[in-house]
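K.L.:
this is a predicted model, with the sequence first.
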Amino acid sequence: MKTLSLARKELAGYFFSPLAYVVGALFLCACALKFAPPPALWTGSRDFFILVPGRSASLRPLFEMMARAMIVVGPLLTMRLLSDEFRSGTIETLLTAPITDTQVVLGKFLGVLGFYLALLGGTGVFLALMCVFAQIDPGVMAMGYLGMVLLGAAFLAVGLFASTLSRYQLLAAMVAIVLLSLVGLGAGLLARHTPEPLNHIIANFDAMRFLSRFARGQFDTRGLVYFLSIAGWFLFLSVKTLESRRWR
Amino acid sequence: MIDVEHLTKWYGPVLAVDNISFHVERGSVVGFLGPNGAGKSTTLKIMTCYLPASSGRVTINGLDVLGDSLALRKQIGYMPESVPVYPEMRVCEYLMFRAALRDIPRRARRGAVARAAERCWLSGPEDMTRRRLGELSRGYRQRVGLAEVLLHNPPVLVLDEPTIGLDPAQIRSMRELIGELAGEHTVILSSHVLAEVEQTCSEIIIIAGGRLVAAGTSGELRQRVAGPSHVVAQVQGPAPGEIVRAIGCLKGVSTVQHSQRDDWTRLEIHSQANRDIRGAIFDLVRRKNWQLRELRRATPSLEDFFVQITYEQSMKQTG
């Protein structure tokens, strides 16, 4: 299957790319710093951290932090997906092969999603550590990770769309960061400072609000619909942007 | 097999391809010649479904490039001029990936890749299949591009500058390979190298300024060089002026150009209506008791025709 072949190629490309390793390492380091205070180096308040005696055994703060980090990490992972093809000229050999634009977009998306899932898998070490020190609720943890997968799929789709707009990776990343900031930060901020009923309408675009529910262990179908709709919509836009080359 | 009808392409206000029409028979090798910016690559990109035409129609094997794009792309092997590749991939990985995109069944892929690699000198004398594409020279990348095109054995091959970056031995081998492909495949290649096109292609299409300015076999095009052929002679006589006057008076001579080399006068004599005036020149020199050390008829080359026709086209566009 061509979509899977393309996805495999993209996934392998990430493991060859220095940027992906740097981004992944920084992401996991940030998670580690949130998870536990650096032993013997930290003398301040421990309220910021998760693995602290007396606190509830919950990865919710970690999921919320990872979600905010994805506003930048997502675009950094997706910026090369199609921008690089345009810049290097490989888009010519790709689009003259017997592959549809939908297969191209889906293949790229599955490739980057695969790498993101590998990154999420890396955070499993924190889950394992928590299991050593506390009794965790597996259902709550599973919902948290489901929320992160859904959020990741949505954010990566936005990044992929931004990548179809330009041959310049940095520009694609910036466009994606702006778009994700709107739903990841802007909507929540605006909802707190606008009058009714506007605040309710805007709040329904706040990605962090839906993620928080998953992080608390709630299976929220509104969140499911929200994230899948964003992912579907931006993948559709990506296909149409790519298709537009054939009639420009 | 391939029909291009009134093909036009605008890039914004720039007319890149202007109403081109031609037909390519099955099994032939057709060469696209033209100066830089003539519209060759644009025409090839439209034929391979990469770019849309502004107007006109292209059909290959009865399939329209716009309406039957996916089916058509299965029948074409296209090698762009720059041979863009993914630098992090190894040669074998890249060819396997392309084989997957070409719907070659999984169990047949390894064999197809091995055959294509062998045919394009990638597996011998030095095995390059494990090297990363980013490490390869231009010439080797060219070979990878050609191997990719041959993977699925398509009926139509479109090659944009296939011999750029190859050494002379490889160019000769490439020419032989293209010759072998003819008959079984229909090949369209674009090139700046006239000698290569003359030797490889059964038909030549010359494009200049976005327009098709000439099409035919190389023999037919050579005969179309405008103006009469000319005779080159080197004569030693009493005075150059007298020699030029005497030659100029011969029947059928239209113009005489001359230059001096030591005691010898080198003459380029243009005659009317392709008349062969060598006999008349020889008789004159013998009568006058002059010395003659060169007398030949300069035959027009494809390069003469190409320069002439593209110059005329550029004059039309600027005038």
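P.N.:
Ah, there it is.
K.L.:
from now on I want contacts and neighbour counts done on CA atoms only, so please keep to that.
P.N.:
Will do.
K.L.:
was I right about B:Gly37 contacting B:Gly209?
P.N.:
Yes: using C-alpha atoms under 8 Å, B:Gly37 is in contact with B:Gly209, at 7.2 Å.
K.L.:
the two: which is more packed in?
P.N.:
Between B:Gly37 and B:Gly209, counting by other C-alpha atoms under 10 Å in any protein chain shown, B:Gly209 is the more crowded of the two (22 against 14).
K.L.:
distance of the more buried one from B:Gly12?
P.N.:
Counting by C-alpha to C-alpha, to the nearest Å, the separation of B:Gly209 from B:Gly12 is 16 Å.
K.L.:
helix, strand, or coil at the closest residue to A:Leu95 other than its chain neighbours?
P.N.:
Closest residue to A:Leu95 apart from its sequence neighbours, by C-alpha to C-alpha, 6 or more residues apart in numbering or on different chains: B:Tyr50 at 6.4 Å. For B:Tyr50, the reduced secondary structure class is coil; criterion used: DSSP: H, G, I helix; E, B strand; the rest coil.
K.L.:
neighbours of B:Tyr50, just the number please.
P.N.:
22.
K.L.:
please tell me I have it right and it contacts A:Ser244.
P.N.:
No: the pair B:Tyr50 / A:Ser244 is not scored as a contact, 11.5 Å apart, by C-alpha under 8 Å.
K.L.:
may I have the phi/psi pair for residue 53?
P.N.:
With no chain named, the answer covers chain A. As for A:Pro53, its main-chain torsions (degrees, to the nearest 10) stand at phi -60, psi 130.
K.L.:
nope, chain B please
P.N.:
Dihedral angles for B:Ala53 - degrees, to the nearest 10 - are phi -80, psi 150.
K.L.:
quick one: it and B:Thr8 touch, right?
P.N.:
Yes: applying C-alpha under 8 Å, one finds B:Ala53 in contact with B:Thr8, separated by 6.1 Å.
K.L.:
tell me who's in contact with B:Ser254.
P.N.:
B:Gly248, B:Ile269, B:His270, B:Ser271, B:Gln272 (C-alpha atoms under 8 Å, 6 or more residues apart in numbering or on different chains).
K.L.:
make TSV out of those residues and add neighbour count and secondary structure.
P.N.:
Below are the contacts of B:Ser254 laid out as TSV (neighbours: other C-alpha atoms under 10 Å in any protein chain shown; DSSP: H, G, I helix; E, B strand; the rest coil):
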residue	neighbour count	secondary structure
B:Gly248	18	helix
B:Ile269	25	strand
B:His270	23	strand
B:Ser271	22	strand
B:Gln272	16	helix
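K.L.:
ok, those residues vs B:Phe306, which is closest?
P.N.:
B:His270 (19.9 Å; C-alpha to C-alpha).
K.L.:
does the closest one touch B:Thr255 like I think?
P.N.:
Yes: if you go by C-alpha under 8 Å, B:His270 and B:Thr255 touch, sitting 5.2 Å apart.
K.L.:
pLDDT value on residue 106, please?
P.N.:
This is for chain A. pLDDT for A:Leu106: 97.
K.L.:
my bad, chain B
P.N.:
90.
K.L.:
list the contacts for it?
P.N.:
Here B:Arg106 is in contact with B:Ala100 (C-alpha under 8 Å, 6+ apart).
K.L.:
cool, B:Gln234 as well?
P.N.:
Counting by C-alpha under 8 Å, 6+ apart, B:Gln234 touches B:Trp264, B:Thr265, B:Arg266, B:Leu267, B:Leu292, B:Arg293, B:Glu294, B:Leu295.
K.L.:
where does it sit: helix, strand or coil?
P.N.:
Under three-state DSSP, B:Gln234 comes out as strand.
K.L.:
tell me where the chain has strands.
P.N.:
You didn't pick a chain, so chain A it is. Using DSSP state E, chain A contains no strands.
K.L.:
not quite, I wanted chain B
P.N.:
Counting by DSSP E, the strands of chain B are B:2-11, B:14-24, B:29-33, B:55-60, B:63-64, B:76-79, B:156-160, B:186-191, B:203-208, B:211-216, B:230-236, B:253-261, B:264-271, B:291-298.
K.L.:
deepest in the core, which of the ones you listed is it.
P.N.:
strand B:76-79 (a mean of 28; mean count of other C-alpha atoms under 10 Å in any protein chain shown).
K.L.:
let me see the mean pLDDT of it.
P.N.:
93.
K.L.:
any low-confidence regions in chain A?
P.N.:
Chain A contains residues with pLDDT under 70 at A:40-43, A:45, A:47, A:248.
K.L.:
80 instead?
P.N.:
Applying pLDDT under 80 to chain A flags the ranges A:37-57, A:246-248.
K.L.:
for the longest helix along it, what is the distance to the chain centroid?
P.N.:
Longest helix in chain A, counting residues (DSSP state H): helix A:138-165. Centroid separation for helix A:138-165 versus its chain: 4 Å, with C-alpha atoms, centre = their mean, to the nearest Å.
K.L.:
then stretch A:172-179?
P.N.:
Put simply, stretch A:172-179 sits 13 Å off its chain's centre (C-alpha atoms, centre = their mean).
K.L.:
and which of the contacts of B:Ser254 is nearest to A:His193?
P.N.:
Once C-alpha to C-alpha is applied, the member of the contacts of B:Ser254 that ends up nearest A:His193 is B:His270, at 90.6 Å.
K.L.:
bridged to the closest residue to the closest one other than its chain neighbours, which residues?
P.N.:
Excluding the flanking residues, the one nearest B:His270 by C-alpha to C-alpha, 6+ apart is B:His230, at 4.5 Å. Listed by DSSP bridges, the beta-bridge partners for B:His230 are B:His270, B:Ala298.
K.L.:
can you tell me the closest non-neighbouring residue to residue 80?
P.N.:
No chain specified, so I'll use chain A. A:Gln169 (5.6 Å).
K.L.:
to clarify, I was referring to chain B.
P.N.:
Computed as C-alpha to C-alpha, 6+ apart, the closest residue to B:Pro80 that is not its neighbour in sequence is B:Asp160, at 5.2 Å.
K.L.:
how about that neighbour, what does it touch?
P.N.:
So B:Asp160 contacts B:Ser41, B:Leu44, B:Tyr78, B:Met79, B:Pro80, B:Glu81, B:Leu189, B:Ser190, B:Ser191 (C-alpha under 8 Å, 6+ apart).
K.L.:
pLDDT value on the first one, please?
P.N.:
Yep, that's B:Ser41 we're talking about. 90.
K.L.:
B:Met47 versus that one, what's the distance?
P.N.:
From B:Ser41 across to B:Met47, the span is 10 Å (C-alpha to C-alpha).
K.L.:
and A:Met143, what does it touch?
P.N.:
Counted by C-alpha under 8 Å, 6+ apart, A:Met143 has contacts A:Phe214, A:Ala215, A:Arg216, A:Gly217, A:Gln218, A:Phe219.
K.L.:
can you report how many residues lie near the third one?
P.N.:
Yep, that's A:Arg216 we're talking about. Here the number of neighbours of A:Arg216 (other C-alpha under 10 Å) works out to 19.
K.L.:
what's the answer for the second one, then?
P.N.:
Neighbour count for A:Ala215, taken as other C-alpha under 10 Å: 27.
K.L.:
cool, the one 10 residues further on as well?
P.N.:
Counted with other C-alpha under 10 Å, the burial measure for A:Val225 works out to 12 neighbours.
K.L.:
swap in the one 10 residues further on?
P.N.:
Using other C-alpha under 10 Å, the number of residues around A:Leu235 comes to 23.
K.L.:
wouldn't it be in contact with A:Ser163 here?
P.N.:
No: counting by C-alpha under 8 Å, A:Leu235 sits too far from A:Ser163 to count as a contact (11.3 Å).
K.L.:
what's the overlap in contacts for these two?
P.N.:
By C-alpha under 8 Å, 6+ apart, no residue touches both A:Leu235 and A:Ser163.
K.L.:
of all the residues in the stretch 51-200 of chain B, which ones are close to chain A?
P.N.:
B:51-52, B:70-74, B:78-80, B:84-86, B:88-89, B:97, B:100-103 (C-alpha under 8 Å from any C-alpha of the partner chain).
K.L.:
write the PyMOL selection for whichever of those are buried.
P.N.:
Only the buried entries of these go into this PyMOL selection, using 16 or more other C-alpha atoms under 10 Å in any protein chain shown:
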select buried, chain B and resi 51+52+70+72+73+74+78+79+80+84+85+86+88+89+97+100+101+102
